[in-house]
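Trainee: how does the following fold in three dimensions:
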Amino acid sequence: MKGLIGRKVGMTRLFVDGVSVPVTVIKAGPCVVVQKKTAETDGYNAIQLGFEEVPERKVNKPMLGHFTRAKVKPHRILKEFRVDNPDEYEVGQVIDVSIFSEGEYVDVTGWSKGRGFAGAMKRWGFSGGPRSHGSKFHRGLGSTGQHTEPARTFKGKKMPGRYGNERVTILNLQVVKIDKENNLIAVKGGVPGARGGLVLIRSAKRPRK
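Mentor: Below is the predicted model of the structure:
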């Protein structure tokens, strides 16, 4: 499975065969292979990629030793990607958007916008109560408890709480355009997160036919 780390640039549109296609532009890579993991030593096959170089003073000593052992410069972001054969990669190898091609499908993972503590109407889409003056029940949650039996609120009840800032994966987004010179990749549709947010791009597990 191919993978790459990037940051969301924003949304725009591209005209393909005269048709307006909404796309999300992602600045992906270049990434460096920092570590290889194999089923014999780690229990699974994967490669660890580094993204966005940083000065040595910005990493702690354990992480600095990790990068020094791999003979690569320190990076801000480290993420693992499962692969079928780690021997196809070498530590220190640079991976960029050229691993993907226009027309193929990818799965994109991002972190949704954090909205803080939200009520039930905003968080879960509850309709609320009547809006007339004498109702006295407008945006409230409504009844949450049970009767004498079971005398408790069941776990998982839709209630007010922290909303957003969750890991979200969008499956089967088509790669519309690749700009290798500027490390940009445009995928059809929306991607979770705000502009500048971290995203992970993987080849689709179950691509559309």
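Trainee: can you list the domain ranges for the chain.
Mentor: Following the assignment in automatic domain parsing, the chain carries domains at 17-25+100-126+157-209, 31-95.
Trainee: out of the ones you listed, which comes closest to residue 10?
Mentor: Nearest to residue 10, of all those, is domain 17-25+100-126+157-209, at 5.0 Å by C-beta to C-beta. Any C-beta I mention is one placed from the backbone N, CA and C, and that applies to glycine too.
Trainee: buried residues in stretch 72-92?
Mentor: 72, 74, 75, 78, 79, 81, 83, 86 (16 or more other C-beta atoms under 10 Å).
Trainee: from those residues, pick the one nearest residue 159.
Mentor: Among those, and counting by C-beta to C-beta, the member closest to residue 159 is residue 79, at 33.0 Å.
Trainee: quick revisit: pick the one among the buried residues of stretch 72-92 closest to residue 95.
Mentor: Using C-beta to C-beta, these come closest to residue 95 at residue 81, 9.5 Å.
Trainee: just flag the most distant two among the buried residues of stretch 72-92.
Mentor: 74 and 83 (23.1 Å).
Trainee: poorly predicted segments of the chain, please.
Mentor: 209 (pLDDT under 70).
Trainee: now the helices for it?
Mentor: Ranges of helices in the chain, per DSSP state H, are 39-42, 61-70, 120-124.
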